[in-house]
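Participant: how does the following fold in three dimensions:
(4 chains)
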Protein chains: 4
Amino acid sequence: MKDIQNTPDHRNISLREAGIKDLKYPIIILDREEREQTTVADISMSVSLPHHFKGTHMSRFLEVLTSTGCRFTGSTIPVVLRKLKETLEAESSRIRIEFPYFLTRQAPITGAEAKMSYLCAFTGESNKDSEDFMLTVTVPVSTLCPCSREISKAGAHNQRGYITMEVRTEKENNGKFAMLWIEELVEIAEASASSPLYTILKRPDEKFVTEHAYNNPVFVEDIVRNVAEKLGKDKRVIQFTVTAENHESIHNHNAYAVVTWTRPVSPEKDSCI
Amino acid sequence: MKDIQNTPDHRNISLREAGIKDLKYPIIILDREEREQTTVADISMSVSLPHHFKGTHMSRFLEVLTSTGCRFTGSTIPVVLRKLKETLEAESSRIRIEFPYFLTRQAPITGAEAKMSYLCAFTGESNKDSEDFMLTVTVPVSTLCPCSREISKAGAHNQRGYITMEVRTEKENNGKFAMLWIEELVEIAEASASSPLYTILKRPDEKFVTEHAYNNPVFVEDIVRNVAEKLGKDKRVIQFTVTAENHESIHNHNAYAVVTWTRPVSPEKDSCI
Amino acid sequence: MKDIQNTPDHRNISLREAGIKDLKYPIIILDREEREQTTVADISMSVSLPHHFKGTHMSRFLEVLTSTGCRFTGSTIPVVLRKLKETLEAESSRIRIEFPYFLTRQAPITGAEAKMSYLCAFTGESNKDSEDFMLTVTVPVSTLCPCSREISKAGAHNQRGYITMEVRTEKENNGKFAMLWIEELVEIAEASASSPLYTILKRPDEKFVTEHAYNNPVFVEDIVRNVAEKLGKDKRVIQFTVTAENHESIHNHNAYAVVTWTRPVSPEKDSCI
Amino acid sequence: MKDIQNTPDHRNISLREAGIKDLKYPIIILDREEREQTTVADISMSVSLPHHFKGTHMSRFLEVLTSTGCRFTGSTIPVVLRKLKETLEAESSRIRIEFPYFLTRQAPITGAEAKMSYLCAFTGESNKDSEDFMLTVTVPVSTLCPCSREISKAGAHNQRGYITMEVRTEKENNGKFAMLWIEELVEIAEASASSPLYTILKRPDEKFVTEHAYNNPVFVEDIVRNVAEKLGKDKRVIQFTVTAENHESIHNHNAYAVVTWTRPVSPEKDSCI
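Facilitator: As a prediction, the model looks like this:
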């Protein structure tokens, strides 16, 4: 049977990526409390394609995926990426695994327990001489407007907002990326907004959350600065982008802010662009 | 060229619908202030299929659509539906046209003007002996929680909510469905929530909106009842379903309420189920 | 602390539904091969609200949900619904649980194994004197156009399509709804299209799938009739709606067909509307 | 009334972006045949925020937008961007305007006319010393698999695919970005796939399209190379990213390929990465 993908190509154009997208698959993720949790991911995988090959063998992406057991961490992602390069005879490979992650949270006063979901992603790339790994966590929060509170006789508009943190950690001596728990990023985000969200709130909890938010007003600009301050102090973190987006309760559009940061080579001076 | 669709089918199963979906098309809609406005619609159209025909001629839906000039109102929809039945030799036909509709709104204090968008739909059906037409309008609003306000020392959680009204009007003596402007439903919805939303708000406006919402707390249950009270009093309206959905600012899930109503045959007593 | 929800309402309007929506939660589902599987659901729950109550106690929905252990089947859903009615002091309750379900499938020639996802839903309702349960399964398939094949010298346009089956089964003597496995509906749908889809296909498999689809051309109209024929013969099934939707590869819109069926009271004659 | 946004901030963190998102607004776009067309856009706008300011004045984005008349082209975007910088006292500004664009197309044999929609975007950025403008056009096409065709006795799997071109043109002597019509990119994309898509196809057209696609098989890798070859030869183009994504009709996931190119400084040698 002829292997069309293997035939030569004469257009002399190499491709940054050839691969698959939007694959829904059950996966297993490390969990700080429960050791591991099963969730459902959207997966994309690709490799670079040299100019002399017509096509990639798409079925091999799935063979590599199923051979991994679908257990993903910052440590196993580089292994999968190297296997993709090898199996698909490519110079570079990429993977993105997006999934909801669940944490059991307690209501602030009554302690009523239920799970909250946080959308997360692992993004990895393996090139000839370098490897990259990025953890993304999106945390829904409550945000109360400082301006509205200041100028109004009573009340203040507030709304659901989403904080997205895309974080890179440094490579340790053992060649692995420094571990950052999803739980740690959730805590940082929730402490940077007017209030965390909860799945169950009884009346005493609702009173607490309402008053807590009223006492902690933040703009989207404040949120990304609050998160940036905390992440920038973490020795493991070498780069991040933080986005906050508010589903404004007084508008039909959203407000957002973005901060990007790279740890400076000389450690004396920090810079946020 | 053989007409496969026209060949007989022996499974003895007639179909409720055969048609097309998810067609994006520019359309023209009546506008109370500006006479008409151009917008972009998602269109679906179908006909019933008798058990003895194998298939529908899908291209004819598009021919009927383009022949109409794409001007849609409660009066032109029945004409399109009759043309669909005729052209596709069917007993019944259906159409759904979903589109954003824009209104120029003024900020409550400064009068600053900008457009707001409202998602609307026309849904029509033409059967052997009956015709149906339904207007759907979704209005984004601000809602402030009465419970949170009551129990808290200061502030009250509020959020963006969406009110969806699906309304049928009676057929008038001329055979046309009584006209209900999109603008009328927008006004009813906005008056039933804690506050309307605006595209531009300067600081004096924001102060007004914040305080107005604080003074008009509503649950989703209140919203649908407020809308139902007003719609039920409108002589033109014979049936409606009203849904309110709040994107809760203290939870990562939504709260919602639904009320359904049909004008009773004996006009003495109203009933809401 | 005042219970605002419990205060009387004087608008005299009872609500069909008051509840929560868009809650993402991990759940456990029965699996024919593996006994059970963990997946991630979108959940909505509601109760009816009598005209004399101002509001529902939304936090109780979550308390009922977490108390169930989040194991859902056609047998546990009625139990949850009764608990919702009791806890929320309501006459009727509803639940909808939507989730991706995974099955391990083998490529038709090489037998290469990987998981496929199918979007499913359990929908239940409990009223004063009746209970309802509906299983929904959406199966992605390949469909090849009979008309295109007939009139063309070579080839035939084909595309990904989605078959959605909403099925009700009869109540058995023990008061439970007759069990229908998700796996059974997947098999019926796949046998009704031009070809099933697969996650891994090696070249011999791709040849098989291509030729198999070419030899089994179907319109959307054929698909829903094929599924209806099989479901109508199943003694457990008392009602269904089947929708097929093709993401046409020659258009930027979709083609679809719908068939609805209710088992006739007199068992002699079947009817499909 | 206090201006909270104007108060100093001491965290010493400047922001890349602060602005608004997901604003739906009617706009007017240049049209090669009809001079202009009205469509509906999703708009985002932002400015950079120096470290010493607490917040941006979000209402000014809307004031700038409404003052422009909402007529957008590669020439008016830089004007809007400069006005944003001035009004919001910022060093840099960004805008993204995403909209469906409609073209009247004729069926290949019968000439039957109807409109096709293409999702487009204008993305602009204005910095201290530089300006940027990018045109994005996504074209839905039909793609037929060369491998499936080669190895199968009859037929070949094909599907709807989407080609996205993000293109930058050079600045001309008058300081304006060289004009590239949306229509030109649509033509390039359609000529690079197995077949264009059409809104109306009568049977003779369907025969033509089926056979034309069968005679022009392409992988996603071929598509992006075909587009890249044409764009790379266009003197106006200085940079592009081309992505092709196939909604595979034999899988429930998609296949995709990406090529990125920047015009080399020395014009002798071209490079595609």
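
Participant: does the longest helix along chain A reach chain B?
Facilitator: Ordering each helix of chain A by length in residues (DSSP state H) puts helix A:220-233 first. No - interface with chain B: helix A:220-233 contributes nothing (C-beta under 8 Å from any C-beta of the partner chain), its closest point being 14.2 Å away. From N, CA and C alone the C-beta is placed, and that goes for glycine too.

Participant: give me the residues contacting whatever helix or strand comes next after that helix.
Facilitator: On the C-terminal side of helix A:220-233, the nearest following helix or strand under DSSP states H and E is strand A:237-246. Residues outside strand A:237-246 that contact it (C-beta atoms under 8 Å, 6 or more residues apart in numbering or on different chains): A:143, A:159-170, A:180, A:193, A:220, A:223-224, A:227-228, A:231, A:254-263, D:21.

Participant: which of those residues are buried?
Facilitator: Buried members of these, scored by 16 or more other C-beta atoms under 10 Å in any protein chain shown, are A:143, A:159-169, A:180, A:193, A:220, A:223-224, A:227-228, A:231, A:254-261, A:263, D:21.

Participant: list the ones among those residues that fall in strands.
Facilitator: Among the buried ones among the contacts of strand A:237-246, DSSP state E puts A:143, A:159-169, A:254-261, D:21 in strands.

Participant: among those residues, which are in reach of chain B?
Facilitator: By C-beta under 8 Å from any C-beta, the members of those lying near chain B are A:143, A:159-160.

Participant: is residue A:229 in contact with residue D:10, as I believe?
Facilitator: No - with contact defined as C-beta atoms under 8 Å, residue A:229 does not reach residue D:10; the gap is 10.8 Å.

Participant: quick one: is stretch A:175-188 near chain D?
Facilitator: No - Stretch A:175-188 does not reach chain D (C-beta under 8 Å from any C-beta); its nearest approach is 14.8 Å.

Participant: what about that stretch, start to end distance?
Facilitator: 26 Å (C-alpha to C-alpha, to the nearest Å).

Participant: what of stretch A:241-260?
Facilitator: 4 Å.

Participant: for stretch A:229-241, same thing?
Facilitator: First-to-last residue span, stretch A:229-241, C-alpha to C-alpha: 12 Å.

Participant: buried ones in that stretch?
Facilitator: Of the residues in stretch A:229-241, those buried (16+ other C-beta under 10 Å) are A:229-232, A:234, A:237-241.

Participant: how about those residues in TSV, adding distance to residue A:45?
Facilitator: As requested, those are exported to TSV (distance: C-beta to C-beta, whole Å):
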residue	distance to residue A:45
A:229	35
A:230	32
A:231	28
A:232	32
A:234	30
A:237	26
A:238	25
A:239	23
A:240	24
A:241	23
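
Participant: and which of the residues you listed is nearest residue D:41?
Facilitator: Residue D:41 lies nearest to residue A:241 out of the buried residues of stretch A:229-241, by C-beta to C-beta, at 25.4 Å.

Participant: get me the contact residues on chain A for chain B.
Facilitator: Close to chain B, as judged by C-beta under 8 Å from any C-beta, chain A has residues A:116-117, A:140, A:142-144, A:147-149, A:151-160, A:195, A:197-199, A:201, A:203, A:206-207, A:209-211, A:213-214, A:247-253.

Participant: surely residue A:190 is within a helix?
Facilitator: Yes - when DSSP: H, G, I helix; E, B strand; the rest coil is applied, residue A:190 is found to be in a helix.

Participant: flag every residue of the stretch 1-150 of chain A that's near chain C.
Facilitator: Counting by C-beta under 8 Å from any C-beta, the residues of the stretch 1-150 of chain A that sit close to chain C are A:1, A:3, A:23-26, A:37-40, A:59, A:62-63, A:65-66, A:100, A:102, A:112-115, A:117.

Participant: which of the residues you listed count as buried?
Facilitator: Buried, going by 16+ other C-beta under 10 Å: A:23-26, A:37-40, A:59, A:62-63, A:65-66, A:100, A:102, A:112, A:114-115, A:117, out of the residues of the stretch 1-150 of chain A next to chain C.

Participant: which ones among those are found in strands?
Facilitator: Taking DSSP E, the ones among those that sit in strands are A:23-26, A:37-40, A:100, A:102, A:114-115, A:117.
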